[in-house]
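S.K.: okay, predicted coordinates and the sequence, questions at the end:
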Amino acid sequence: MLELTPAQESPFEGLDARALADVGPLRRGKVRDVIDLGDRLVMVSTDRVSAFDRVLGTVPFRGQILNELSAWWFEEVSDIVASHVVAVPDPNVTVARACRTLPVEVVVRDRLTGTTSTSLWTQYDAGHRRIYGMTFPDGMRKNQQLRRPIITPTTKAADGEHDTPITEAEIVADGLVDGGRWEEVRTVALDLFERGRAIAAAAGLVLVDTKYEFGLDADGRLTLIDEVHTPDSSRYWRALSLQERLAAGLEPENLDKEVIRLDYVARGYRGDGEPPSLDSALASRAAQIYAEAFELLTKTPLSPAAYPAAPRIEAAIRDRTD
């Protein structure tokens, strides 16, 4: 079993703050820190993990796993849509093109499942039958597969706020994305999901649902941004045990952040108020799950690395060319 030990807390430790001020502002997000260079962003993944729109603590090597896995996925789907990636100079660092982010998050789902307030199952279980502008019949079961993948968009909330469900019709009617562009977004999202499902199946996994974020580059072209098909942005189930577990009324075996959410829900937390601390044993288990998902999908052993030294970040700042 892969041995994972905690990484240092801050990827910017030792980096001269005055040097950062000379090149652009530093934004500290929930799970990623960004140096804004105007036309380029230097994004440094951290081990901070969030759920229910709250930072819960850290998962060892989460940042590296998600950064490297996203870079791999961007290459795997580059024939479907271009990404914002310019270079990945370090396991924890991505240099990206600055894009105008579309104000909606696109979630593609293939199952009636989930634990958060915007998930299909949470709303269905609360008695709603008209969800995201679609009608769901009575008698459906948790984790039941849908007839076809569907798109369930949400607004892109500010830090600390909750995403809000929105229908596709509202997106166009409210002018968040114009009709022609939205058709392009939904077509690309469904194509990405089909590619993701095929690759996951070859790895012995089921891609259940996933979030995509899109932007427009300087020329107005649709661009895939943020991260893609990682255990943070997607739900993966282990295929081998799936049918037996569902038949027995058990939860599927998750290889994703849902293991953290389920633990919090079991402790009575769903996002209101201050969250309890992330238990170290749960953080370690999540790290093992993230690492396994990485290795199954990429068929490459994970080589844990320390956070990048300041000179590597500085080199990424200096090199802004394609």
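M.R.: Nice, thanks for sending it over. Numbering: from 1, shown residues only.
S.K.: use CA for all of it now, contacts and neighbours both
M.R.: OK.
S.K.: give me the low-pLDDT residue ranges for the chain?
M.R.: 1-3, 5-21, 157-162, 307-310, 320-322 (pLDDT under 70).
S.K.: max-length helix in it?
M.R.: Of all segments of type helix in the chain, defined using DSSP state H, the longest is helix 179-202.
S.K.: what packs against that helix?
M.R.: Based on contacts counted as 3 or more C-alpha pairs under 8 Å, 6 or more residues apart in numbering; DSSP states H and E, the elements that helix 179-202 packs against are strand 104-112, strand 205-216.
S.K.: please tell me how far the spatially most central residue of the chain sits from residue 89.
M.R.: In the chain, the C-alpha nearest the mean C-alpha coordinate belongs to residue 233, at 2.2 Å (C-alpha atoms, centre = their mean). Applying C-alpha to C-alpha, to the nearest Å, the value for residue 233 to residue 89 is 22 Å.
S.K.: do residue 115 as well
M.R.: For residue 115, the distance to residue 89 under the criterion C-alpha to C-alpha works out to 36 Å.
S.K.: the nearest residue to residue 212 once chain neighbours are set aside: neighbouring residues, count only.
M.R.: Once flanking residues are discounted, residue 212 sits nearest to residue 106: 5.1 Å by C-alpha to C-alpha, 6 or more residues apart in numbering. Neighbourhood size, residue 106 [other C-alpha atoms under 10 Å]: 23.
S.K.: got it, and residue 143?
M.R.: Burial of residue 143 is recorded as 17 neighbouring residues (other C-alpha under 10 Å).
S.K.: for residue 200, same thing?
M.R.: Residues contacting residue 200 under the criterion other C-alpha under 10 Å number 23.
S.K.: isn't it right next to residue 206, touching?
M.R.: Yes. Under the criterion of C-alpha atoms under 8 Å, residue 200 is in contact with residue 206, at a separation of 5.8 Å.
S.K.: contacting residues for residue 230?
M.R.: Applying C-alpha atoms under 8 Å, 6 or more residues apart in numbering, we find residue 230 in contact with 66, 69, 70, 256.
S.K.: report the separation between it and residue 275.
M.R.: Using C-alpha to C-alpha, which is the criterion applied here, residue 230 is 23 Å from residue 275.
S.K.: just residue 59 next, same as before
M.R.: The gap separating residue 59 from residue 275 is 16 Å, by C-alpha to C-alpha.
S.K.: more crowded one of the two?
M.R.: When neighbours are counted by other C-alpha under 10 Å, residue 59 comes out ahead of the other of residue 59 and residue 275, with 26 against 17.
S.K.: quick check: closest non-adjacent residue to the more buried one.
M.R.: Leaving out its chain neighbours, the residue that sits closest to residue 59 by C-alpha to C-alpha, 6+ apart is residue 283, at 5.0 Å.
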